[in-house]
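Undergrad: no sequence for this one, just the structure:
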């Protein structure tokens, strides 16, 4: 077999396209076995070099595109992608998502007409609840967030909904969608999620942290609070302004995504020292802390009591 460097020229290859490049079915199967080619789904492949560059979220999104590409080749009418598949296309955060392809159709097509990894939801979608995303029919950002809230556990749903709001989803439209689905399964969870969702959370960690704080039954802190120091302005994840008590969520992305870790940490601590001169105190939490809720609650309460005592002194 000749050089296969051309395999990385495009994201997805249909079987027919590989055949036009001179590969037989046996050749394709051999490439998959040798780990040079990945079968994204039946009839659709990607070069392993490109596949390995993708994050788990990127791989999930590629599976949606692969499903549509195979369907288009077979002449199937384009479905409307919904739930987690729509969330992937819109780019919203998903916490521990499934790997299924979700579509919504009004007809009661037999489940046997779909592959095992396809979950068909029967339901009516108005024209205002469907849009195009990257050339693919998909439920709108608002409908997507509501649908995910109907099938997710509460906090997973809150993560997706808060990010949808941050991306520009209209809360009023979401309320209308929830009320229109009043008698449908999971709508109670969707209503609760929408009632509590903040559009200020910048990461899943901040969403989960805020929900834990909500459970403490104390005055909630403000989010994304801008404060001043001798080094300039600094934005805090959470702050009780009157106590000058700050809570920062140290997510991995915050430190590893864009700049060298040592530089980011140095600047973070430098700004924190400058704010300490202004009377601010800090509590820092990490991902692991979110799964030790009792300990986290105690740390937050101690932090606030110390801030109150400092002001009273």
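TA: Received the coordinates, thanks. Please read all numbers here as calculations on a predicted model, not as lab measurements. Residues are numbered from 1 along each chain as shown.
Undergrad: mind checking which helix or strand residue 23 is in?
TA: With secondary structure defined by DSSP states H and E, residue 23 is part of neither a helix nor a strand.
Undergrad: any idea how far the closest residue to residue 91 other than its chain neighbours lies from residue 61?
TA: Using C-beta to C-beta, 6 or more residues apart in numbering and skipping residues adjacent in sequence, the residue nearest residue 91 is residue 167, 7.1 Å away. Any C-beta I mention is one placed from the backbone N, CA and C, and that applies to glycine too. Using C-beta to C-beta, to the nearest Å, we find residue 167 at a distance of 15 Å from residue 61.
Undergrad: And for residue 6?
TA: Counting by C-beta to C-beta, the gap from residue 6 to residue 61 is 23 Å.
Undergrad: Could you list the low-pLDDT ranges of the protein?
TA: Judged by pLDDT under 70, the chain has its weakly predicted residues at 1-2, 108-114, 251-261, 263-265.
Undergrad: one step back: okay, residue 6 and residue 61: which has more neighbours?
TA: Neighbour totals were compared for residue 6 and residue 61, and residue 61 leads with 18 against 11 (other C-beta atoms under 10 Å).
Undergrad: Tell me who's in contact with the more buried one.
TA: 88-89 (C-beta atoms under 8 Å, 6 or more residues apart in numbering).
Undergrad: if I look at it, how far off is residue 201?
TA: From residue 61 over to residue 201 (counting by C-beta to C-beta), the distance is 22 Å.
Undergrad: again with residue 294
TA: Per C-beta to C-beta, residue 294 is found 23 Å from residue 201.
Undergrad: Neighbour count for the two, which is higher?
TA: Between residue 294 and residue 201, counted using other C-beta under 10 Å, the more crowded position is residue 201 (27 against 7).
Undergrad: Report the secondary structure state of the more buried one.
TA: Secondary structure of residue 201, reduced to three states by DSSP: H, G, I helix; E, B strand; the rest coil: coil.
Undergrad: list the contacts for it?
TA: For residue 201, the set of contacting residues under the criterion of C-beta under 8 Å, 6+ apart consists of 162-163, 166, 207, 210, 223.
Undergrad: In helices, which of the residues you listed fall?
TA: 162-163, 166, 207, 210 (DSSP state H).
Undergrad: Checking the spatially most central residue of the chain next. Helix, strand or coil?
TA: Closest residue to the average C-alpha location of the chain: residue 93 at 0.9 Å, with C-alpha atoms, centre = their mean. Per three-state DSSP, the secondary structure class of residue 93 is coil.
Undergrad: For this protein, which segments are assigned as helices?
TA: 15-20, 25-33, 48-51, 56-73, 83-90, 141-151, 154-166, 171-180, 187-196, 204-215, 252-256, 261-276, 293-312.
Undergrad: now the fifth one and helix 141-151, what's the angle there?
TA: If I follow you right, that is helix 83-90. For helix 83-90 against helix 141-151, the angle between stretch directions is 150 degrees (axes from the mean of the first three to the mean of the last three C-alpha atoms, to 10 degrees).
Undergrad: what's the answer for the longest one, then?
TA: Orientation note: helix 293-312 sits at an angle of 120 degrees relative to helix 141-151 (the same axes, to 10 degrees).
Undergrad: buried stuff in helix 293-312?
TA: Taking 16 or more other C-beta atoms under 10 Å as the basis for neighbour counts, the residues of helix 293-312 that come out buried are 296, 299-300, 303-304, 307.
Undergrad: quick one: contacts for residue 87?
TA: Under the criterion of C-beta under 8 Å, 6+ apart, the neighbours of residue 87 are 94, 97, 144-145, 148, 160.
Undergrad: hmm, 6 Å instead?
TA: Neighbour list for residue 87: 94, 144, 148, 160 [criterion: C-beta atoms under 6 Å, 6 or more residues apart in numbering].
Undergrad: Tell me which two of these sit farthest apart.
TA: Using C-beta to C-beta, the two most remote members of those are 94 and 144, lying 10.7 Å apart.
Undergrad: who has more neighbours, those two?
TA: The residue with more neighbours, out of residue 94 and residue 144, is residue 144; 32 against 20, by other C-beta under 10 Å.
Undergrad: any idea how far the nearest residue to that one once chain neighbours are set aside lies from residue 183?
TA: Ranked by C-beta to C-beta, 6+ apart and with sequence neighbours excluded, the top spatial neighbour of residue 144 is residue 86, at 4.1 Å. According to C-beta to C-beta, residue 86 stands 22 Å off from residue 183.
Undergrad: of the two, who's got more company?
TA: When residue 86 and residue 183 are compared for neighbours, residue 86 comes out ahead with 29 against 6, by other C-beta under 10 Å.
Undergrad: Verify the stated contact: that one with residue 143.
TA: No: judged on C-beta atoms under 6 Å, residue 86 makes no contact with residue 143 at a distance of 7.8 Å.
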